[in-house]
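J.: any chance you could fold what I've pasted below:
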Amino acid sequence: MVINLSNYVLSPEEENTLNRGLSFDLTKTHDPFEFRTEFFSFMRKVRLNEYFSEHEGYNSNNYSGLRNALTFCAPNHSHTAESTVFERQVLAEVRKLETCVKSHNSNFSKRQRASALKLAKDKNLIIRQADKGGAIVLMNRSDYIKECERLLSDNVSYLKLTGDPTARLTKIIKENVTLACDSEMISKQESEFLTREQGRIPVFYILPKVHKGLVDPPGRPIVSGVNSILEPLSKFADFYLRPFVLKMQSYLRDTTDAINKIENIEFVPGSSLLIGLDIQSLYTMISQRATLEVVEEILLGREDGHPVSSAFISWCTEFALTQNFFQFQGTFFNK
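T.: Just a heads-up that it's a prediction; the model follows:
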């Protein structure tokens, strides 16, 4: 479904193109080099698992994943017969297929490709997924920016910064992580994982809430912090806090989990009410101080004997939470 809130008039071909969805996967011609690159990457992971599983002390259930990507390759003598036979059979079958592959029918016509390219190049348009329902929404760029600026004008939730804080924050992270490593609270691998020298600057964008109305719909603010300098700290804190969160009585994994729990509640006819609440701007309204107090209370329940101190986990949580920054239209903000 396409919802056009812009001044742009869509042609039937353009609307049909957008109806394919923003994540529509185009048919690709077979690239032997690309396939072998991906396949050998897969086989490398298989053989790393084989290699390390044979070493004493290895336990995949306890592996946290808090390390940078390995560049090590398992030596040839460690390859098992099973993985070697599997690799040879797959490559043999692929070579057979490559000899008979001639042409393919594209799932995207030339006209549709031209329509997609035209829409992508139009600087006056913003195309976003709707906040709910899966619709594709077209907006005037000016209207989109206006709604973003309206949200960012909330001085309680957002603080405008004078510049890019990346260098300053990176220095603080490195100093604290180095101290933790020197005191043997974290391993060398974890230290390297936590100190990201160059990170992607988080960006701010919104998803239009067209279910609230089609005239100037409000936007759901989202900060994409993937590969930012704060992401490793968040993953580190999540690794140690998640076991406690899963045990909390108020924890809900998703909608299905909520439905299952409701079905198991015995309601007394005539004296029970099921009430639903919709909290406006939930995540921006949650008190950071109250959140950190809950984290500290949770960490008090940790058993002794852990090399990583609760103080360091608390610091990672607090720093990632309170120093969360992003960029919009060249201006930096703290959330």
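J.: now the strands for the stretch 151-300 of the chain?
T.: When assigned using DSSP state E, counting those that start in this stretch, the strands of the stretch 151-300 of the chain occupy the ranges 159-160, 203-208, 219-224.
J.: possible to save the ones you listed as a markdown table with mean neighbour count?
T.: C-beta: built from backbone N, CA, C; applies to glycine. Compiled in a markdown table, the strands of the stretch 151-300 of the chain are given as follows (neighbours: other C-beta atoms under 10 Å):
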| stretch | mean neighbour count |
| --- | --- |
| strand 159-160 | 12 |
| strand 203-208 | 19 |
| strand 219-224 | 17 |
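J.: now those strands as JSON lines including distance to Asp122?
T.: Shown next, in JSON lines, are the strands of the stretch 151-300 of the chain (distance: least, C-beta to C-beta, whole Å):
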{"stretch": "strand 159-160", "distance to Asp122": "30"}
{"stretch": "strand 203-208", "distance to Asp122": "17"}
{"stretch": "strand 219-224", "distance to Asp122": "20"}
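J.: can you list contacts of the helix or strand of the chain with the lowest mean pLDDT?
T.: Within the chain, judged by mean pLDDT, DSSP states H and E, the helix or strand with the poorest mean is helix 282-285; its value is a mean of 77. Applying C-beta atoms under 8 Å, 6 or more residues apart in numbering, the contact partners of helix 282-285 are Asp154, Ser157, Pro221, Ile279, Lys335.
J.: got it, and stretch 212-219?
T.: Residues lying outside stretch 212-219 but in contact with it, judged by C-beta under 8 Å, 6+ apart, are 3, 5, 131, 143-144, 147-148, 151, 206-210.
J.: determine which two of the residues you listed are furthest apart.
T.: Farthest-apart pair in those is Ile3 and Leu151; separation 20.1 Å (C-beta to C-beta).
J.: neighbours of Glu147, just the number please.
T.: Burial of Glu147, expressed as a neighbour count using other C-beta atoms under 10 Å, amounts to 20.
J.: what angle separates the helix or strand harbouring it from strand 203-208?
T.: In this assignment (DSSP states H and E), Glu147 forms part of helix 141-152. Following axes from the mean of the first three to the mean of the last three C-alpha atoms, to 10 degrees, one obtains 110 degrees for the angle between helix 141-152 and strand 203-208.
J.: so how far is helix 141-152 off the chain centroid?
T.: 24 Å (C-alpha atoms, centre = their mean, to the nearest Å).
J.: which residues does that helix contact?
T.: The set of residues external to helix 141-152 that reach it, using C-beta under 8 Å, 6+ apart, is 5-6, 123-126, 128, 158, 160, 204-206, 208, 216, 218-219, 221, 328-329, 333.
J.: now swap in stretch 122-131 and tell me
T.: With contacts defined as C-beta under 8 Å, 6+ apart, stretch 122-131 is touched by 3, 6, 8, 18, 22, 119, 135-142, 144, 205-211, 219-220.
J.: can you give me the offset of that stretch from its chain's centre?
T.: Using C-alpha atoms, centre = their mean, we find the averaged C-alpha position of stretch 122-131 to lie 21 Å away from the chain's own average C-alpha position.
J.: same question, stretch 309-318
T.: Centroid separation for stretch 309-318 versus its chain: 22 Å, with C-alpha atoms, centre = their mean.
J.: okay, the helix or strand harbouring Thr99 in CSV with CA atoms only?
T.: Under DSSP H and E, the secondary-structure element containing Thr99 is helix 81-100. As requested, C-alpha coordinates have been extracted for helix 81-100 and formatted as CSV (Å, rounded to 0.1, in the frame of the first residue of the first chain):
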residue,chain,number,x,y,z
ALA,A,81,36.6,-35.3,6.4
GLU,A,82,32.9,-34.3,6.6
SER,A,83,33.5,-30.6,6.0
THR,A,84,36.0,-31.4,3.2
VAL,A,85,33.5,-33.7,1.4
PHE,A,86,30.7,-31.2,1.9
GLU,A,87,32.8,-28.4,0.3
ARG,A,88,33.8,-30.5,-2.7
GLN,A,89,30.2,-31.6,-3.4
VAL,A,90,28.8,-28.1,-3.2
LEU,A,91,31.4,-26.7,-5.6
ALA,A,92,30.9,-29.6,-8.0
GLU,A,93,27.1,-29.1,-8.1
VAL,A,94,27.6,-25.3,-8.6
ARG,A,95,30.0,-25.9,-11.5
LYS,A,96,27.3,-28.1,-13.2
LEU,A,97,24.7,-25.4,-12.7
GLU,A,98,27.0,-22.7,-14.1
THR,A,99,27.4,-24.6,-17.4
CYS,A,100,23.7,-24.6,-18.0
